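Undergrad: compute the structure for the input listed below.
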Amino acid sequence: MNVLLFGPELYFLGAALIFFSLTLKRKVQVKADYRIALALAAGGVAVSVLCLFQQGELFFKAYKVDLFSQIFKFALALGFFLVITISHNLAQIEERYHAEFYLFLTTTTIGMMMLVSAVELLTIYVALELSSYSLYILVPLRRGDGIDVEAGIKYLFIGAVSSGFMLFGLSYIFGATHSTYLTEIMPKMAQLVQSPIGVLGLLFSLAGFFFKLSVFPFHFWAPDVYQGAANQVTTFIATASKAAAVAVLLRLVALGSSYGYNFTQVLVMLSIISMTLGNLVAIVQKDFKRMLAYSSIAHAGVFLMGVLTIKEAGYIGAVYYALAYLVMNFTVFMVLSEVAKDGRDLKIVELAGLWKRSPILGLSLILGIFALAGVPPSIGFTGKLLIFTSAMNQGYFWLVLIGAVNGTISLYYYLRVVYAAFFMDPGDLPPVTVSFPTRLLNYALVAIIIGFGVFPDQIVRLAQAAVKTVL
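TA: As a prediction, this is how the structure comes out:
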């Protein structure tokens, strides 16, 4: 076996063992642990880049390594690294649990990396559970007024329900096709989706990934978990886990070249409801993280729009948008984490006068917010343009129109954030100091948001090559 085929997973497994050894120390050394975590996270990005063009199959062909999976493993490693960079001040997590925080963040990354390469139903399920259980532990790690425990319980219960639905759906698919390998299920897909058991099996199987993406009706956990978890944990859930869910969802939906009418209609309805519900409820939110939670529900509808086209162009748009969403969403959460250094839940009004209190954070915030809103020339605009164009070419005119209307609605609550940061008087709010490394990170994120929005060719070509390995 070529070790490089399993390179990123082995590296993060080794990192998890190192973090486990750190949890056994009697004396807590927060700064030393952070430096080790940062070095290991940077190494993870380097390893994922070195293994980017590996191809092959492992574990009796239940595990496929191709450009599609490796791109998302790089995205996960990058997301892990970015979250570690803002974890220098884990104010709401007790110092004795910092090593455990790094450990479970690493194990959930391993689970997501396995998820994007899994091409066998049980392997997919086990990988999804590995990534989920680690997050179930991370959410209630925050010390606070009890909202962290409530959020952790809700996340666990709704996750368990969606996991049960998924396992039930997988059993239907196995019962109908007598196989757990996607390559053997694929030729039978055309007949499978014509039967009720096939449609139910597919929809129930997708429940686990809808839960990760916070698609309606598996979205109820998002606002409470976003608000209840520590800022760094929320950042990871809002960025890396979304990319993993999109990857495996694309691989699953690519099983067949065409689906039955009912299945496509279900995806259309879920896309419309998720976009509309997320945007309308986000308007009335005063807590910044809750607003971003409902924003993520709306963006899940956009991802579904790319998936249901079942064509190369839609998949390219979905891959591009997944990578773009990771960057622009992290940018906003990074600003939130820097402003709320004590780990508190940030109200939108507490962003008042941010451009005066910290010009670089104000710049990052406005670019991140405008990218999420799809304002040109950001990467968010380019991603939505790719998805909307693909959906339009497939005849989903009304869906694209509803998506455009929802984009207009989203501008209202996004502009509330911009108004607070640039037009409200800061009053007695203190200035925000930004360290030199964080300043460099801000400049890099700003360059990526604008640079790849104006010149998306390289990412699009890479996404196109990746999608061809799946379709």
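
Undergrad: what bits of the stretch 201-350 of the chain have low per-residue confidence?
TA: 253-264, 310 (pLDDT under 70).

Undergrad: ranges for the strands of it?
TA: Here the stretch 201-350 of the chain has no strands by DSSP state E, counting those that start in this stretch.

Undergrad: the stretch 1-150 of the chain too?
TA: 56-58, 63-65.

Undergrad: any idea how far I360 is from L367?
TA: Plainly put, I360 is 11 Å away from L367 if you go by Cβ to Cβ, to the nearest Å. (Glycine included, C-beta is placed from N, CA and C.)

Undergrad: comparing these two, which shows the higher neighbour count?
TA: L367 (24 against 18; other Cβ atoms under 10 Å).

Undergrad: just the element for that one, please.
TA: helix 359-373 (DSSP states H and E).

Undergrad: what's that helix in contact with?
TA: 295, 299, 324, 327-329, 331-332, 334-335, 338-339, 351, 354-356, 378-381, 407, 410-411, 414, 417-418, 421-422, 432, 434, 439, 442-443, 445-446, 449-450, 453 (Cβ atoms under 8 Å, 6 or more residues apart in numbering).

Undergrad: select only the buried ones of the residues you listed in ChimeraX?
TA: Selecting the buried subset of those in ChimeraX, with 16 or more other Cβ atoms under 10 Å as the burial test, is done by:
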select :295,299,324,327,328,329,331,332,334,335,338,339,351,354,355,378,379,380,381,407,410,411,414,417,418,421,422,432,434,442,445,446,449,453
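
Undergrad: excluding chain neighbours, what is closest to V432?
TA: Nearest residue to V432, sequence neighbours excluded (Cβ to Cβ, 6 or more residues apart in numbering): S358, at 3.9 Å.

Undergrad: wait, doesn't that neighbour sit right on S435?
TA: No. Using Cβ atoms under 8 Å as the test, S358 is too far from S435 to be in contact (11.4 Å).

Undergrad: who has more neighbours, the two?
TA: Neighbours were counted for S358 and for S435 using other Cβ under 10 Å; S358 has more, 22 against 11.

Undergrad: could you pull up phi and psi at that one?
TA: phi -160, psi 100 (degrees, to the nearest 10).

Undergrad: centroid-nearest residue for the protein?
TA: Residue closest to the average C-alpha location in the chain (Cα atoms, centre = their mean): K242, at 2.0 Å.

Undergrad: pull out the buried residues from whichever strand or helix holds S163.
TA: Assigning secondary structure by DSSP H and E places S163 in helix 147-177. Residues of helix 147-177 classed as buried: 148, 150-152, 154-156, 158-159, 162-163, 165-167, 169-170, 172-173, 176-177 (neighbour count, 16+ other Cβ under 10 Å).

Undergrad: I'd like the next helix or strand past that helix.
TA: Next helix or strand after helix 147-177 toward the C-terminus (DSSP H and E): helix 182-185.

Undergrad: restricting to C-alpha, output that following helix in CSV.
TA: Output of helix 182-185 as CSV, limited to C-alpha atoms (Å, rounded to 0.1, in the frame of the first residue of the first chain):
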residue,chain,number,x,y,z
LEU,A,182,-21.3,2.7,-4.3
THR,A,183,-19.8,1.3,-7.5
GLU,A,184,-22.2,-1.6,-7.4
ILE,A,185,-25.2,0.5,-6.4
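
Undergrad: these two touch, right, G403 and F303?
TA: No. Using Cβ under 8 Å as the test, G403 is too far from F303 to be in contact (11.3 Å).

Undergrad: thinking again about what came up before, for Y412, see how far away the residue nearest to the centre of the chain is.
TA: In terms of Cβ to Cβ, K242 sits 23 Å off from Y412.

Undergrad: great, nothing more from me.
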